[in-house]
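K.L.:
Got a sequence here, can you model it:
(2 chains)
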Amino acid sequence: MKTKIALLILFISGNLFAQEQKMSDAEIAAFKQDVNVSAKKIKTLTTDFVQYKHLDFLSKDIETSGKMIFKEPNMLQWQYKKPYNYSIVFKNGKILINDEGKKSAVDVGNSKIFGRINKLIVGSVSGNMFDDKEFTISYFKSKGQNLAKFIPKDATLKKYIKQIELTFDKEEATVVQVKLLESSEDYTRIVLKNKVINAKIDDSLFTN
Amino acid sequence: MQKSTIPFLLINCVLAIVLISCGSVTKNYSPKKLDKTSYKAPYFSNPKTDYVYKTNITVYGNEMSGIFIAKKINDTVHRIVFTTEFGNKLLDFEISEKSFKVNSIVSELDRKILINTLREDFRLLLKKEYLIQEQFEKESDNIYKSADGKRDNYLFLSKKDQKLEKVIHASQTKEKITLLFSSENNIFAEKIQIIHQNIKLKIELNYFKSE
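P.N.:
I've put the predicted structure just below:
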C-alpha cells in the first residue's frame, strides 16, 4: 500500500512537474519574439472575461464577468456586466467610471493604483510587459500554453501585487489568463475568451 | 446665596429638559412593557455564508465604490475585506466585540480616524447579542433600547414580521449612526445603509449573487 501511495505521489508530482516546466534561454527568446510579433499586430482587441476573486477564507470565489475593449495606443474599457454594471475607461491620462449609471472621473495623476492597473492591463495585452527594469520575470511552458511570472521590483507596486502570472496561448501568442497574486496568497484570476483582434472600433466607445 | 442658587438650578433644569427632549431617540414613541430581555440579530451570523456586497461609499462628497466581503470565521470574529471591483484588496480586518486586528490596509486609507470609524461601524453592523433594558412602540415597529457602553442602541423591529429594519446608535444627546436593513427573509439583508449623523459618511451595501 505504502509503495502504491508513494508511486501515486510520484506520478502526480511528476505530472505537475511536466505541466509547468522552465523554459530554456532559447525558448524564452523565441517566446518573447512571438509575443512581440503578435502584440505589434494588435491595433484593437475585444474580449469577454470572467474574473474570479479568490480569498482564502471564503467558501467560493467571487465571480464577475464582462467585456474588455482595447484600442491602440492606450484606450481601454473594462466593463463588468454581471452581476452588476460597472465600467471603467482609461483614456488620455483620465479614468472615467460609470457605476450603475452614476458617472465620475478620476485623474490618473491622483490615483497611483489605477495608473498602475492601466499600464498592467495594456501591457499584458500589447506585450509590453517584458520589462526587466520593472519586473523579475521567469518563464515556463506546458502543453499548449506558455506562462510568464512577473515579480514587481517597485516597492509600492509590490505592496499591492506580489506576482503577476500571464498565461499565453502557444499558437496565437496572446494572453488567455491573467492572475494577480496579492501578498497574502489571495489572488484575482481573469480568464479571457472570445477574443477578437483588429475589428473596427470607434473612439466614441471609450466614453462612459 | 439662595438668590444665586435658584437661577442656577433653573438653568440646569431647563438645560436638562432641552437635552432630554432633543436627545432621546424615542421622544415620539410611547413606552411599553418589555416583551423580551435580549435579542439576537440575524444578519451576518451564518459561518457558512460568504456575505458579498457591492459597496458605494460617499464621504464628504467623494464617491468610492468596491466590494465588501464579510465572513464569520469563528464564534466571535468576523473577517472583513474591502476590494476594488478589480479585486485589489484595500483593507482586511478581523473584528469582534472586543478585539480588532488590521491584517492589511493600503496606505491611501491608512488613517487612524478612518480605521476607528470603520471599526465602530462594522462592530455595530456585525453585533449579534443585544440585552434589552427598555421598550417603546410606534405604529409599525417595536423599539428596543439596549445599552452599549456609554451609548445606546435602538433596535427597530417591524410589528408585522419581526424584521430588524433599523438600528440607531446614539449618545444621551445625539444620534450618531443609523443602520438601515432591507431583508426579504429576516435571515439575510439584501440592502444595508450605514449613515453617520455627525460626519458626512454614508456606506451603502447591495448584495450580489456571484455568477
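K.L.:
per-residue pLDDT, the nearest residue to residue A:185 once chain neighbours are set aside?
P.N.:
For residue A:185, the nearest residue in space outside its immediate sequence neighbours is residue A:56; the separation is 6.2 Å by C-beta to C-beta, 6 or more residues apart in numbering or on different chains. Heads up, the C-betas are built off the backbone N, CA and C, glycines and all. Listed pLDDT for residue A:56 reads 93.
K.L.:
Closest approach to chain B from chain A, which residue is it?
P.N.:
Nearest residue of chain A to chain B: residue A:188, at 3.4 Å (C-beta to the nearest C-beta).
K.L.:
which SS class is residue B:26?
P.N.:
coil (DSSP: H, G, I helix; E, B strand; the rest coil).
K.L.:
got the phi/psi numbers for it?
P.N.:
phi -100, psi 10 (degrees, to the nearest 10).
K.L.:
Any stretches of chain B with poor pLDDT?
P.N.:
B:1-24, B:210-211 (pLDDT under 70).
K.L.:
could you redo the last one with a cut-off of 50?
P.N.:
Along chain B, segments meeting pLDDT under 50 span B:1-3, B:13-15, B:17-22.
K.L.:
Burial check on the residue nearest to residue A:185, number of neighbours?
P.N.:
Using other C-beta atoms under 10 Å in any protein chain shown, residue A:56 has 9 neighbouring residues.
K.L.:
Quick check: it is in a strand.
P.N.:
No - counting by three-state DSSP, residue A:56 is located in no strand; its state is coil.
K.L.:
wait, it sits on residue A:182?
P.N.:
No - taking contacts as C-beta atoms under 8 Å, residue A:56 lies outside contact range of residue A:182: 10.3 Å.
K.L.:
Might you name the residue of chain B sitting closest to chain A?
P.N.:
Taking C-beta to the nearest C-beta, chain B has residue B:87 as its residue nearest chain A, at 3.4 Å.
K.L.:
Residue 76 in helix, strand or coil?
P.N.:
The chain I'm using is chain A. Applying three-state DSSP: residue A:76 is strand.
K.L.:
what's stretch A:187-194 in contact with?
P.N.:
A:47-54, A:61, A:68, A:175-182, B:86-88 (C-beta atoms under 8 Å, 6 or more residues apart in numbering or on different chains).
K.L.:
can you map out the strands along chain A?
P.N.:
Along chain A, the segments classed as strands by DSSP state E run A:21-22, A:44-54, A:62-71, A:75-82, A:86-91, A:94-99, A:102-107, A:135-142, A:145-152, A:163-169, A:175-181, A:187-197.
K.L.:
residues of the second one that come out buried?
P.N.:
Using 16 or more other C-beta atoms under 10 Å in any protein chain shown as the burial criterion, the residues of strand A:44-54 that qualify are A:44-47, A:49-54.
K.L.:
ok, it: who's next to it in the sheet?
P.N.:
strand A:62-71 (antiparallel), strand A:187-197 (antiparallel) (DSSP bridges).
K.L.:
what's the answer for the fourth one, then?
P.N.:
Strand A:75-82 has the following sheet partners, assigned by DSSP bridges: strand A:62-71 (antiparallel), strand A:86-91 (antiparallel).
K.L.:
Pull the longest one out as PDB, backbone CA atoms only.
P.N.:
In this case it means strand A:62-71. What follows is strand A:62-71, C-alpha atoms only, in PDB (Å, rounded to 0.1, in the frame of the first residue of the first chain):
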ATOM      1  CA  ILE A  62     -16.400  35.800  -6.200                       C
ATOM      2  CA  GLU A  63     -17.300  35.700  -9.800                       C
ATOM      3  CA  THR A  64     -17.900  38.700 -12.000                       C
ATOM      4  CA  SER A  65     -17.800  39.000 -15.800                       C
ATOM      5  CA  GLY A  66     -17.900  41.400 -18.700                       C
ATOM      6  CA  LYS A  67     -16.100  42.700 -21.700                       C
ATOM      7  CA  MET A  68     -12.800  44.400 -22.400                       C
ATOM      8  CA  ILE A  69     -12.100  46.700 -25.300                       C
ATOM      9  CA  PHE A  70      -8.600  48.000 -26.200                       C
ATOM     10  CA  LYS A  71      -7.600  50.300 -28.900                       C
END
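K.L.:
Show me what counts as buried in that strand.
P.N.:
Buried, per 16+ other C-beta under 10 Å, within strand A:62-71: A:62, A:64-66, A:68-71.
K.L.:
Just the mean pLDDT for that strand, thanks.
P.N.:
Strand A:62-71 comes out at a mean pLDDT of 94.
K.L.:
Tell me how far it lies from the chain's centre.
P.N.:
Averaged C-alpha coordinates place strand A:62-71 at 11 Å from its chain's average position (C-alpha atoms, centre = their mean, to the nearest Å).
K.L.:
Identify the residue spatially nearest to residue 120, adjacent ones excluded.
P.N.:
Just so you know, I chose chain A. Nearest one to residue A:120, counting by C-beta to C-beta, 6+ apart, is residue A:164 at 6.8 Å.
K.L.:
ah, I was thinking of chain B
P.N.:
residue B:177 (7.2 Å).
K.L.:
residues in chain A within reach of chain B, list them.
P.N.:
Taking C-beta under 8 Å from any C-beta of the partner chain, the part of chain A that reaches chain B is made up of A:50-51, A:53, A:55, A:57-65, A:78, A:80, A:82-84, A:86, A:88, A:97, A:99, A:102, A:104, A:113, A:117, A:159-161, A:180, A:182-184, A:186, A:188.
K.L.:
From those, list the buried ones, please.
P.N.:
For the residues of chain A next to chain B, buried by 16+ other C-beta under 10 Å: A:50-51, A:53, A:55, A:58, A:61-62, A:64-65, A:78, A:80, A:83-84, A:86, A:88, A:97, A:99, A:113, A:117, A:160-161, A:180, A:182, A:186, A:188.
K.L.:
what about chain A, any weak spots by pLDDT?
P.N.:
For chain A, the ranges with pLDDT under 50 are A:10, A:12-17.
K.L.:
ok, now with 70
P.N.:
Along chain A, the parts satisfying pLDDT under 70 run over A:1-18, A:108-119, A:124-128, A:183-184.
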